[in-house]
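> below: sequence and its predicted model.
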Amino acid sequence: MNLEQIITTVVYDYLWGTPLIVIVLAVGLYLTIRTGFMQITMFSDSFKQVGRSLRRGKAGESGIISSFQAMSMALGTTIGVGNIGGVATAIAMGGPGAVFWMWIAGIFGLVVKTVEITLAVYYRSKDNEGNTYGGPNYYIHKGIGVEKKHKHFAVALGAIFAFGYVLAIFINIQTYTVSEAVAGTFNLNMNIVAIVYTIALYFMISGGIKQLGKIATIIVPFMCIFYIVGVLAVIIINLDKLPESIALIFKSAFTTTAAIGGFAGAGFSLAIKSGLSRSVFSNEAGWGSAPMIHASAKVNHPIKQGVFGIFEVFFDTIIICTLTALVIIISGAWHSGLDGATLTLSAFETGMGSFGRILLTFGIFFFGLTTSSGVYTQIEVVLRYILGNTKMKERLLTGYKWFYPIPSAALVFIASKYGLPGTSVWLISDAATAFPIFANMIAMFILTPVFIKLYKDYRARYKGIGKIDENYQVFYEGDNKSNQVDEPKSN
């Protein structure tokens with residue numbers, strides 16, 4: 001058994017084995033039923049809220065960044081290397097059938113992400129300067145440890161979640177994916193590309209969350225349009241192959257995919273595992289990452305920010321990931337034996353020539369920067385929770401800021417020195433995501449009643465459905481002065 005087989009066994013048979021898959025699908029189904037299929041009933045509300053977020057927040061709303069900046073940062077993190085290299089890796093390992101299971105995880109992810117963002121905003125905390133921070137560690141502690149008085153269980157669950165993110169400092173795929181793409185396209189040394197990328201990343205994170213929010217609102221919309229136009233161009237050129245490619249996705253989802261060309265073949269189980277893991281890595285639903293960004297948004301009701309989760313997952317998985325997958329399958333590059341960003345680049349080159357590959361390479365570079373800086377923000381929130389109000393907190397956070405890009409760059413040096421294939425690097429990354437997903441899914445299941453109360457209040461207050469409870473506090477801290485809700489809608 002070689003190194004890649006060992007890593008595959010550890011990640012997909014144990015960390016991403018049956019128990020975690022059952023938890024992801026079961027909690028997603030449970031939340032879907034308990035909320036009355038809110039990914040459908042609140043779908044239009046999600047898009048309307050995105051439109052409203054383009055306007056400036058109201059005076060008196062607590063938070064660090066606007067709702068739109070929070071969404072842009074979250075999208076900048078999700079729409080990136082996971083869509084380009086992650087989707088390709090899923091197909092390279094599990095075949096076209098992995099795309100179907102990516103869709104399934106995405107459908108449940110619509111409601112999962114809504115719930116976790118809402119809980120993060122509801123249970124968020126403020127620092128001494130009035131800045132708001134939140135995320136799974138906060139709602140695990142306050143909701144399960146304090147409210148439900150399961151202190152020891154909350155500590156264990158919070159530790160598992162935090163461990164996954166601390167591990168992510170050392171196992172970070174972004175620099176590798178960007179370096180692989182740029183080096184392969186322009187025939188450069190991966191290590192040199194990694195150094196240049198790391199310098200650019202330092203510039204991105206130097207100004208903290210507020211600066212990242214401003215940068216994201218400029219870069220992310222442009223990147224999304226740029227990528228979609230490029231992908232659609234490839235699909236239109238090969239439009240006659242589209243029906244066959246879609247049929248192959250459904251056919252391969254429930255059967256073994258035979259070995260073709262450089263593709264080694266894949267079983268039904270591997271298609272499910274690779275599809276689910278890549279979906280979660282891309283749209284981050286259940287991972288607990290986006291809530292850490294959204295918890296800092298200026299908003300006066302948790303559900304208002306929560307519904308951004310529907311838009312984010314839909315745009316990321318159902319739109320972007322699907323388009324990427326179709327390009328890879330339509331071009332026939334999926335059975336070339338390539339993987340990761342190199343596979344997607346090959347698909348673009350097949351469809352549009354070298355010009356298409358060069359365009360995508362520049363896109364990957366900027367996608368990577370927004371993803372890396374978003375992950376930096378998420379880990380900072382976890383570290384703030386762990387460090388609490390210790391005297392050394394700000395000094396340690398400054399040290400983290402300077403240290404964060406180094407392990408990711410080091411992974412490039414290690415992979416290039418020892419010749420690790422892209423699939424192995426992505427598998428190592430999957431290992432880091434398994435821990436926080438496991439803890440966060442359990443926490444959301446336990447705290448579902450809290451979300452349901454918030455959802456009922458939102459429907460009564462803003463949609464005129466049900467009776468408004470004037471005494472209900474829409475924020476855990478009950479700070480009515482800084483977290484004002486709008487005047488309730490008359491019934």
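Sure thing, it's come through. Numbers count the residues shown, from 1 in each chain.

> gap between residue 403 and residue 397?
Computed as Cβ to Cβ, to the nearest Å, the residue 403 to residue 397 distance reads 10 Å. To be clear about C-beta, it is placed using only N, CA and C from the backbone, and glycine gets the same treatment.

> which helices and strands does the helix or strand hosting residue 248 pack with?
When elements are assigned from DSSP states H and E, residue 248 belongs to helix 242-252. Packing contacts for helix 242-252, counted by 3 or more Cβ pairs under 8 Å, 6 or more residues apart in numbering; DSSP states H and E, involve helix 97-122, helix 322-331.

> of all those helices, which one is nearest residue 71?
helix 97-122 (10.0 Å; Cβ to Cβ).

> so for that closest one, what's the average pLDDT?
Summarised as a single mean, pLDDT over helix 97-122 is 93.

> show the subsequent helix or strand relative to that helix.
strand 125-126.

> mind listing the strands that following strand pairs with, and their directions?
Paired neighbours of strand 125-126 in the sheet (DSSP bridges): strand 132-133 (antiparallel).

> on that earlier part again, compare residue 403 and residue 397 (neighbour count), which wins?
Neighbours per residue (other Cβ atoms under 10 Å) separate residue 403 from residue 397, with residue 397 holding more: 14 against 10.

> show me the helices in the stretch 1-150 of the chain, by range?
Using DSSP state H, counting those that start in this stretch, the helices assigned to the stretch 1-150 of the chain run over residues 3-8, 18-34, 38-41, 43-52, 67-78, 81, 87-94, 97-122, 136-139.

> name the helices or strands packed onto the third one?
Same thing as helix 38-41. helix 97-122.

> report the angle between the helix it packs on and helix 18-34.
60 degrees (axes from the mean of the first three to the mean of the last three Cα atoms, to 10 degrees).

> picking up where we left off before, now do the helix holding residue 248 against helix 97-122, angle only.
Using the same axes, to 10 degrees, helix 242-252 lies at 80 degrees relative to helix 97-122.

> just the mean pLDDT for helix 242-252, thanks.
Helix 242-252 carries an average pLDDT of 91.

> what of stretch 270-284?
On average, stretch 270-284 scores 75.

> which stretches of the stretch 251-400 of the chain have low pLDDT?
258-259, 261-268, 278, 281 (pLDDT under 70).

> now do the residue lying closest to residue 386 once chain neighbours are set aside against residue 436, distance only.
The shortest distance from residue 386 to any non-neighbouring residue, by Cβ to Cβ, 6 or more residues apart in numbering, is to residue 162 (6.0 Å). Note on residue 162: its distance to residue 436, by Cβ to Cβ, is 8 Å.

> between those two, who's got more neighbours?
A direct count of neighbours by other Cβ under 10 Å for residue 162 and residue 436 places residue 436 higher, at 26 against 22.

> does the more buried one count as helix, strand or coil?
helix (DSSP: H, G, I helix; E, B strand; the rest coil).

> leaving out the residues flanking it, which one is nearest to it?
residue 164 (3.7 Å).

> which ones are touching the residue nearest to residue 386?
137, 382, 385, 386 (Cβ atoms under 8 Å, 6 or more residues apart in numbering).

> and with 10 Å instead?
The neighbourhood of residue 162, defined by Cβ atoms under 10 Å, 6 or more residues apart in numbering, consists of 135, 136, 137, 140, 379, 382, 383, 385, 386, 435, 436, 439.

> ok so, going back, mind checking what helix or strand follows the helix holding residue 248 in sequence?
helix 268-283.

> flag every buried residue along that next one.
268, 270-283 (16 or more other Cβ atoms under 10 Å).

> turn the helices and strands packed on helix 242-252 into TSV, columns for distance to residue 172 and mean neighbour count.
As requested, the helices and strands packed on helix 242-252 are exported to TSV (distance: least, Cβ to Cβ, whole Å; neighbours: other Cβ atoms under 10 Å):
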stretch	distance to residue 172	mean neighbour count
helix 97-122	22	28
helix 322-331	21	25
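
> out of those, which is closest to residue 31?
helix 97-122 (4.9 Å).

> quick one, that closest one and helix 67-78 angle?
140 degrees.

> got the angle for helix 97-122 vs helix 43-52?
Going by the same axes, to 10 degrees, helix 97-122 makes 60 degrees with helix 43-52.

> what is the end-to-end distance of stretch 29-44?
Stretch 29-44 has an end-to-end distance of 21 Å (Cα to Cα, to the nearest Å).

> list the buried residues for that stretch?
For stretch 29-44, by 16+ other Cβ under 10 Å, it's 30, 31, 32, 34, 35, 38, 39, 42, 43.

> low pLDDT regions in the stretch 101-250 of the chain?
Answering for the stretch 101-250 of the chain: the residues below the bar, that is pLDDT under 70, span 208-210, 212-213.

> now the strand or helix carrying residue 367 against helix 97-122, angle please.
Using DSSP H and E, residue 367 sits within helix 354-387. Helix 354-387 runs at 40 degrees relative to helix 97-122, counting by the same axes, to 10 degrees.

> starting at the chain centroid, how far to helix 354-387?
11 Å (Cα atoms, centre = their mean, to the nearest Å).

> so who does the residue most central in space within the chain touch?
Taking Cα atoms, centre = their mean, the centroid of the chain lies closest to residue 284, which sits 2.6 Å from it. With contacts defined as Cβ under 10 Å, 6+ apart, residue 284 is in contact with 74, 77-78, 82, 109, 112-113, 116, 290-291, 309, 312-313, 316, 374-375, 378, 433, 437.

> gap between it and residue 293?
From residue 284 over to residue 293 the distance is 10 Å, taken as Cβ to Cβ.

> got it, and residue 233?
Counting by Cβ to Cβ, the gap from residue 233 to residue 293 is 32 Å.
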